Every structure is written in C-alpha cells, then in structure tokens.
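Enquirer: Pasted the sequence and its predicted model underneath.
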Amino acid sequence: MNPTCPPVLVVGAGPAGLVAALTLLQNGISVRVIDKDPNPRIGQRGPIVWQRSLEVFNFLNVPEVNDLGKSIPIFRSYKPGTLEPLTETLMVPAMEPTLTIPFHAPKVIGQQLLDVILRRHLEKFACSVEMGTELRSLEQSDEGVTAVLARNGILEAVDTKWVIGADGAKGIVRKQLRLAFLGDTREDLRTVLGDICFRAVGLDRVHWHRFGSYTGRG
C-alpha cells in the first residue's frame, strides 16, 4: 500500500486525461497519471480541435494549440473520374475574432503533437505520465478508492481519493464501475484516417480534396 499517492489518479493519458490532470495541477491539486501503453501513441487520430476546446486551452494557458494548429482548408470536390474542380466549400464562414468570440473556427492539430504539448505543460508541475502502467481493478469505500496497478508484471495497491477514467469507452474504469455505454454502431458510415505521404500532379496542400460521393458509392 502506498499512503503517499496523490489524491487523484488519472487513468488514460490521451487529451482528455492530460487536460484533466493539467486543470487539477493548476489549481493546486496533485495527480498521478498512468497509461497502459508502453509508449506514447503515434499518429494523428482525431485531428480537429473545435472552438469550445480552443477556449479551454486558452483558459489553461496552452497557446500552442491555437498557434500551431492549422486552419481548416477549403473543401474541393471534383467531377467523377477527373481532376476538374466541381465545388469549393468552407466548413465555417470566414470571420474575424472578437472579444466575445475569440475562436470562431476549429483548428487542425494531430493528437500526436497535442499530447506532446500537454505533457510539456504537466512537466512544469513536476508531473509525468507513467507509461506501461495499467489499472487492474478498483474498489470504492467511504474513505476513497483503492486501485491495483500493474507495471512490468509487478502489482501495486494504492489508496487515493478520486479516480478519473479517461481511458475511453472500452477502458477498464467504465467496466469496473459497470456503467453502460449507450449508442450503436453505424455499419453504413465509416471513416478511415491514415497518415499518408501522397504526391500527385494537380493536387495542392491548400485544399482538402474530396473524391466520390458521401451519399453513395463512387
């Protein structure tokens, strides 16, 4: 048993867990952050940061997200089977920032870079993510939570006041608490996201190029 465990254990070191940890640290509450993966994730995953999230990062004094994030490009679609432009559209109308609406459009920044930015801010509070550390079980009591962690095959029981489950819908925290996950899987709607270096004559980096139809095959 480790009686010196911080009062909050954050399970999962994606953006949600890192933001939760940083918010607590900035308010004087120490945390311990664990993630079962042995290394930080590689890849962009969910790359769009929406306006309300940009406001949160501004509130947390993490300006790099807005500064390094790219604006949403213009969508350009093409006539079927050709590179002849058909339409160009904007995701959001163009407008200047104001005091009441400082962030009027989303930014694109890959999760791989976003995680690095947030980890660096955690380090300012002498907090680092314990990679390769997995939550095996948790048990609640009137005094708090007893969590069993595993690292390199060694089990560790820790007492903490709170556990934040930021390990996703398939994570162990939800399963341990026996919480239902409402919703369904849309078999007719799939998105494939890939980190691809693609070069082609006639395609630029100014637009998001869209081929085929979103309403049917082709």
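Expert: Yes, it's here.

Enquirer: Could I get the phi/psi values of the most centrally placed residue in the chain?
Expert: Centroid check for the chain by Cα atoms, centre = their mean gives P15 as the closest residue, at 3.5 Å. Per-residue torsions, P15: phi -60, psi -40 (degrees, to the nearest 10).

Enquirer: wait, what's in contact with it?
Expert: By Cβ atoms under 8 Å, 6 or more residues apart in numbering, the contact set of P15 is Q111, L114, D115, L118. C-beta: built from backbone N, CA, C; applies to glycine.

Enquirer: Got a PyMOL select line for the buried ones in those residues?
Expert: To isolate the buried members of these in PyMOL, using 16 or more other Cβ atoms under 10 Å:
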select buried, resi 111+114+115+118
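
Enquirer: which residue ranges form the helices in the protein?
Expert: 15-26, 51-59, 64-68, 111-123, 172-176 (DSSP state H).

Enquirer: pull the helix or strand with minimum mean pLDDT from the chain.
Expert: strand 207-210 (a mean of 88; mean pLDDT, DSSP states H and E).

Enquirer: Tell me which strands it pairs with, and in which orientation.
Expert: The strands beside strand 207-210 in its sheet (DSSP bridges) come out as strand 74-78 (parallel).

Enquirer: So what's the gap between the strand it pairs with and the chain middle?
Expert: 27 Å (Cα atoms, centre = their mean, to the nearest Å).

Enquirer: what's the answer for stretch 192-208, then?
Expert: The answer for stretch 192-208 is 23 Å, by Cα atoms, centre = their mean.

Enquirer: pLDDT weak spots in the chain?
Expert: Scanning the chain for pLDDT under 70 picks out the ranges 1-4, 214-218.

Enquirer: L135 contacts V173, correct?
Expert: Yes. The criterion here is Cβ atoms under 8 Å, and L135 meets it with V173 at 6.8 Å.

Enquirer: More neighbours: which of those two?
Expert: Comparing L135 with V173 by other Cβ atoms under 10 Å, the one with more neighbours is L135, at 22 against 19.

Enquirer: beta partners for the more buried one?
Expert: Beta-bridge partners, per DSSP bridges, of L135: L149.
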